[in-house]
Structures are given as C-alpha cells and as structure tokens.
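S.K.: take this sequence and fold it.
(one chain, ligands or ions: 1)
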Amino acid sequence: MPPFTILQDDIFLVSYPKSGNTWMRFLLSSLHFGKKVDWSSVNTTIPSIHNVSNQGLLNFPSPRILKSHQNYNKGYKKVIYLVRDVRDVVISYYYYHLHLSGKNIGVNNFDSFLDKFLLGKVYAGLWDVHVQNWLDNKDKIENGFLLLKYEDLINDIDQEVERILMFLHLSRTKKEIKETINWASFENMQNLERRKQKKPTNIDDSIPFVRKGQVNQWKTFLTDEQQNKMNNKFGAVLNRLGYDVM
Ligand code: PPS
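M.R.: All right, here's what the predicted structure looks like:
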C-alpha cells in the first residue's frame, strides 16, 4: 500500500483479519468519539488505512483512530493490538471468503483454504509472523501498546472496556459504558447488518459478516488432523498468548 502520513497522536487498532476489529471499532467509536456507529458510519468514524487515501485520512479530526492489518510498523506510536485464537480465525476467514463471493474463491473446500492459510497465502500473510512481530516490538512503541484478546472480550467485556478506557485516558459513566456494550453486542451488530441499506451485489447473504461470534469453534469444526496441523504450525505462538494447545 502507498505510504501514508502518521500523526503524533494517532491511535492504531491493529489486528490480523477476523480477530474482531469491527466489534472493537463499534466499541471505540462510542467510547472515544461518543458515536453509536452502524455499517454506514463505522468507516467514516474509524477509517481503515487500507481503504482510504492519505488525503482522505488527513481529513479525519485528531486524535484519529485508524484500523490497520499491517505487520509491525515502527511509525505507529500508540497501538491497540487485538488477537484471537488462530484456530477460530481460520474458520472465520474461510466463511468470510464465502460471504464475499459465494463459492467462487479459488478454494472450494475448507481443507484447501486451510492449506493456503498455513502457508500464509492469504491477505495479511502468516498469522504467527504478524503476532510475533508486534509482540516482539511492543516495548518500542512510544505512547503505549495494549494487547486485547477476543476471548477476554467475550468472557468479561466490562473488564476489557475498563482496560481500554485506562489506556486511552478516558472516563465514561456506568450508563455510557453499558449503552456502548449493548450497542456493540453481537445481537445488535447482527441486526444492524441485516438492516444494512447498501449491500454489494457479490455478497452471499446466507453467510453474514457477524456470523457466530464464539470462542472455541475449532473444537467441533476442525478434524483431529486439521487441529494437529494448526497446533504444529502455530503452537508456539498460541502458547505465548496463553491459549491451550494439546
Ligand atoms: S475483518 O474482516 O478482518 O474486519 O473481520 P473482524 O471484524 O476482525 O472479525 C470478524 C469476526 O468478529 C465477529 N464479531 C463479533 N463477535 C462478538 N461480538 C460482536 N459484537 C462481534 N461482531 C463481529 C464476527 O462474527 C466474525 O467472527 P466469526 O467467528 O466469523 O463469527
């Protein structure tokens, strides 16, 4: 992607794809900007550096929150890094491809997608490289690095919202926090998705973007052989993040 201007007070929301960044953008839009976004306004509140030109990004008021899937970038000065168990990421990513273009994705079953994923032949490359690069460099990030786990958000959203507020030096009332969490709930985001006005024509409606929103899907979805492949490839980084690897 072309270079873009990083400002001193930018906050980056960084994640490997399918780790829950859209959920986080709904939460942050409300916590940081006081805006309850929907699918038409999320991109005009927290833009993606991948979809907006440098000039377009400069039109956003500071401090900007910018979504990024980029690998470690030493220019980023404040980073919220969101991770998710890669064994669920791969399933979510597979369904996302089906959502985007029906069956016409060059892989016609999960096994072939898994093989591509294990080789890093998907957008954003290898999951473990992405995670390791950010974790290895986190202490160099000038204005702070906050690691969030999708699973912690699912298990204790109140506690994670407190951590986010502290990291961003924000204070919000209990009522504001409750309303934010409800607005960004799985059910509300799925409802908002259903009511979306503009839907690209190549979307497969039977597979929503806000699809399952669960942890440990892999335990029932992946075969033993597929679990072994994932654990062999990503076990070290899964362990580093505190995920169970059998
Ligand atoms: S993307 O395409 O990289 O921007 O995808 P991303 O938003 O990072 O991740 C999509 C997955 O996040 C789930 N999701 C949620 N989970 C829990 N609660 C809420 N509110 C929520 N919103 C989105 C979404 O369903 C995708 O996960 P899967 O496992 O496919 O359901």
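
S.K.: how about the helix or strand of the chain with the lowest mean pLDDT: buried residues?
M.R.: Comparing helices and strands within the chain by mean pLDDT, DSSP states H and E singles out helix 86-101 as the least confident, with a mean of 93. Of the residues in helix 86-101, those buried by neighbour count under the rule 16 or more other C-beta atoms under 10 Å are 86-99. C-betas here are computed from N, CA, C, even on glycine.

S.K.: got the angle for the next helix or strand after it vs helix 86-101?
M.R.: Per DSSP states H and E, the first helix or strand lying C-terminal to helix 86-101 is helix 110-118. Orientation of helix 110-118 against helix 86-101 (axes from the mean of the first three to the mean of the last three C-alpha atoms, to 10 degrees) gives an angle of 110 degrees.

S.K.: does helix 110-118 reach the ligand?
M.R.: No. Between helix 110-118 and the ligand, judged by C-beta under 6 Å from any ligand atom, nothing touches; the nearest distance is 13.2 Å.

S.K.: show residues contacting whichever helix or strand comes after that helix.
M.R.: For helix 110-118, the succeeding helix or strand toward the C-terminus, using DSSP H and E, is helix 127-137. With contact meaning C-beta atoms under 8 Å, 6 or more residues apart in numbering, helix 127-137 is reached by 14, 16, 71-72, 74, 79, 81, 83, 86, 89, 117, 120, 124, 145, 147, 233-234, 236-237, 240-241.

S.K.: for helix 127-137, buried residues please.
M.R.: Going by neighbour count (16+ other C-beta under 10 Å), the buried part of helix 127-137 is Trp127, Asp128, His130, Val131, Gln132, Trp134, Leu135.

S.K.: again, but for stretch 34-50
M.R.: Along stretch 34-50, these residues count as buried under the neighbour rule (16+ other C-beta under 10 Å): Lys35, Lys36, Val37, Asp38, Trp39, Val42, Thr45, Ile46, Pro47, Ser48, Ile49.

S.K.: and the contacts of that stretch?
M.R.: Contacts with stretch 34-50, where a contact means C-beta under 8 Å, 6+ apart, come from 1, 4, 13, 22, 25-26, 28-30, 33, 51-52, 56-57, 60, 64-70, 179-180, 183, 192-193, 196-198.

S.K.: selecting buried members of the residues you listed in ChimeraX, what would you type?
M.R.: Those of those that meet the burial criterion (16+ other C-beta under 10 Å) are gathered into one ChimeraX selection, given here:
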select :4,13,22,25,26,28,29,30,52,57,60,64,65,66,67,68,69,70,180,183,192,193
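
S.K.: out of the contacts of stretch 34-50, name the ones that lie in strands.
M.R.: Cross-referencing these with the strands (criterion: DSSP state E) gives Leu13, Ile65, Leu66, Lys67, Ser68 as the overlap.

S.K.: let me know the closest of those residues to the ligand.
M.R.: Within the set of those, Lys67 lies nearest the ligand; the separation is 7.7 Å, counting by C-beta to the nearest ligand atom.

S.K.: list the contacts of the closest one.
M.R.: Applying C-beta under 8 Å, 6+ apart, we find Lys67 in contact with Phe12, Leu13, Asn21, Arg25, Ile46, Pro47, Ser48, Ile49, His50.
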